[in-house]
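Chemist: Curious how this folds, go ahead:
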Amino acid sequence: MAKVIRIANAGGYWGDDPYALRRQVLGELPIQYVSADFLAEITMSILQKQLSRDPGAGFAIDFITQVEPLLQEVLDRKIKIITNAGGVNPSACAEALCTAARKQGLALRVAVIEGDNIAPRLGELRKQGIQLENMETGESLERYADNVLSANSYFGALPVVEALRSDPDIVLSGRVTDTGITLAALIHEFGWAQDDYDKLAHGIVGGHIIECGAQATGGNFTDWCKVPSFRDMGYPIMECSAEGPFVVTKHPRTGGLVTCQTIREQLLYEMGHPQRYLTPDVIADFTGIALEQDGPDRVRVSGVRGEKPTDLLKVSVSLADGFKASGEIIVSGPDARAKAQACADIIWGRLGEELQREGLPALESFHTDFVGDDSTHRALTPSHQPTEILLRLSARDHSREKLGIFRKLLPSLILSGPSGVAVTGGAPVISDVVRYWPALIPQEHALPTVSVYEQGASGGEPRRVARGKNLAWPRTGGSAEAGSPPEDPYPASLLTRLEEGSHSEVPLMRIAHARSGDKGDTANIGLIGRSPECYVWLRENVSAERVREWFASIVRGDVHRYLVPNLWAINFLLDESLGGGGTVSLFMDPQGKTYGQALLRCRVEIPSRLLDTIAPENAACPGELAP
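Modeler: Down below sits the predicted model:
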């Protein structure tokens, strides 16, 4: 019988379900590996600040809290945990783990990957001609050098594979790609070579599916009413063989749902060009992926193609970029919308006058949200009369003094504005703005190191054993440029027989489901047909120009469209659509998580018979069919 290993995911971000690791370790299916992702771009800067105040900090302390009561089970079941919870101080995280093991009289072996932190070397790199230009704007980092908070290169699977060779119980890293911590286990188990590109690409796609935890098992699913239970959500598990194809499932008798629909949505999540999913290990092509329901809560994934990677690594830099503050008040009806607008005008007017009186320039940026009157979807909602609105006023500036004036003015509306205003928290808090700066660096300028901590069962301090220094990356020179568009097996003639007869106006939700995400200031929306015929209708009728028109109040840049026929899907990239993105943005939804649902609300005219092509299991939830 062919060897099969199971890799479970127990978290997609720092703050995810604190009990997911427990459910994965103690679940019914025997698993060999657990991956857990704790890092995002903003997280690195937060951890760096913690480290600057305390040399023993700088890692995801939540990981220690979650794993400590499970250490005995992890060791007894011979489960290996691979995680980037090490943040900007993996060695301190390893010492905390060893302390937890020592308290329980357990022997523990922890492999530590370091070297991703290039912030101390930025001056040296600039002298070598590496300017770390912003991937989105082309700007040089040099003019912002004094504002750098953190700078970390994204390692791939290579150092994790090296770490696994030392037979650790836990592998801790800093910035390793979300997919790399999954792929490494497969390379280690099956001995895949660095040029087994199709196999490596299967591992990357598997990592992409499970990296965001429950998003693959019913979380954030458009047709949420089909999910039997959201309590005790089952997190994803990959069942993998040496050939590459794999099955996504979850532990029996846990909440959630695994279907081709849930997997399609996660595949489209935060996707860029579907033919060029770039990683340090391989370039994966999503346009050949085949999905097959392999039983209840089991989906088989195959058909992934891979190409050799480039010789560059992505670098995530965070910069100090001023301050921002947001405050809210409740405005009740009648005339809630008009009164909320009046309140906003009062505050911004008063603020402008006070700044002028103090001899200060106008705010660099401010924003008004009428929460309850379609603040996230903006102009897509027909006019209606809300009975209450959460008025959210936000400001951003490099002058803390100006925001200090703003925060004092907001509470004044309670007694000196229109009627029906409720207190919701007083003066807003001023917070630091951290700007995300994506860049590229040649691999040879960011080399990982691996070391091992051994904690004896009899106690005493852990012993640190060096395992590998400055691991060399293979020079491959693959291209990031896409080739010809994928072959589309679905001809336009699929719609011909459906055009006869009546037509109906429906929300896109009737014929599609979707998921959206972000990369910097660009949002992506994966729009997925509910049948091949629905996909063809979407392909022929939902253009980049039409999406740009629908999102005219949000998008400031271009909209790009990529076809993914094998998934019945279209991926849209909306440039300059997130108000700067991340912590820079003043939007209610700075990561575009609601944009997919916004698109599905758009009303279109379709052949009525198109609805007959949708299988019952793919149909929209009844509540989603209302105007």
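
Chemist: So Ala544 versus Ile130, what's the distance?
Modeler: For Ala544, the distance to Ile130 equals 35 Å [C-beta to C-beta, to the nearest Å]. To be clear about C-beta, it is placed using only N, CA and C from the backbone, and glycine gets the same treatment.

Chemist: Which one's more surrounded, the two?
Modeler: Ile130 (20 against 16; other C-beta atoms under 10 Å).

Chemist: Could you tell me the model confidence score at that one?
Modeler: Model confidence at Ile130, expressed as pLDDT, equals 92.

Chemist: Please report the distance of it from Leu122.
Modeler: Using C-beta to C-beta, one obtains 9 Å as the distance from Ile130 to Leu122.

Chemist: swap in Cys212?
Modeler: 31 Å.

Chemist: Mind checking which of those two has more residues around it?
Modeler: Neighbours were counted for Cys212 and for Leu122 using other C-beta under 10 Å; Cys212 has more, 22 against 18.

Chemist: dump the residue contacts of the more buried one.
Modeler: Residues in contact with Cys212 (C-beta atoms under 8 Å, 6 or more residues apart in numbering) are 12-13, 37, 266, 269.

Chemist: Pull out the buried residues from those residues.
Modeler: Neighbour counting by 16 or more other C-beta atoms under 10 Å classes 12, 37, 266, 269 among the contacts of Cys212 as buried.

Chemist: which of those residues lies closest to Gly58?
Modeler: Of all these, Asp37 has the smallest distance to Gly58: 17.1 Å, by C-beta to C-beta.

Chemist: out of everything not next to it in sequence, what's closest to the closest one?
Modeler: Asp178 (5.2 Å; C-beta to C-beta, 6 or more residues apart in numbering).

Chemist: Kindly export whichever strand or helix holds Pro159 (C-alpha atoms) in PDB.
Modeler: With secondary structure defined by DSSP states H and E, Pro159 is part of helix 158-164. The C-alpha coordinates for helix 158-164 follow below in PDB (Å, rounded to 0.1, in the frame of the first residue of the first chain):
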ATOM      1  CA  LEU A 158      14.500  24.400   2.000                       C
ATOM      2  CA  PRO A 159      15.500  25.400   5.500                       C
ATOM      3  CA  VAL A 160      12.400  23.600   7.000                       C
ATOM      4  CA  VAL A 161      13.500  20.400   5.200                       C
ATOM      5  CA  GLU A 162      17.000  20.800   6.600                       C
ATOM      6  CA  ALA A 163      15.400  21.300  10.100                       C
ATOM      7  CA  LEU A 164      13.400  18.100   9.700                       C
END
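
Chemist: tell me which element Glu239 is part of?
Modeler: Using DSSP H and E, Glu239 sits within strand 237-241.

Chemist: which outside residues touch that strand?
Modeler: Residues outside strand 237-241 that contact it (C-beta under 8 Å, 6+ apart): 2-9, 24, 29, 31, 182, 186, 189, 203, 206, 209-210, 246-251.

Chemist: State the mean pLDDT of that strand.
Modeler: 97.

Chemist: what's the helix or strand just after it packed up against?
Modeler: Next helix or strand after strand 237-241 toward the C-terminus (DSSP H and E): strand 246-249. Where contact means 3 or more C-beta pairs under 8 Å, 6 or more residues apart in numbering; DSSP states H and E, strand 246-249 is packed against helix 197-210, strand 237-241, strand 299-302.

Chemist: Need the mean per-residue confidence for strand 246-249.
Modeler: For strand 246-249, mean pLDDT rounds to 98.

Chemist: Okay, buried residues for the helix or strand following it please.
Modeler: Past strand 246-249, further along toward the C-terminus, the next helix or strand under DSSP H and E is helix 260-268. Buried positions in helix 260-268, judged by neighbour count with 16+ other C-beta under 10 Å: 260-268.

Chemist: picking that back up, need the buried ones among the contacts of Cys212 in a markdown table (columns: distance to Leu586 and pLDDT).
Modeler: Output for the buried ones among the contacts of Cys212, formatted as a markdown table (distance: C-beta to C-beta, whole Å; pLDDT from 0 to 100):
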| residue | distance to Leu586 | pLDDT |
| --- | --- | --- |
| Gly12 | 25 | 93 |
| Asp37 | 27 | 94 |
| Gln266 | 29 | 98 |
| Tyr269 | 24 | 96 |
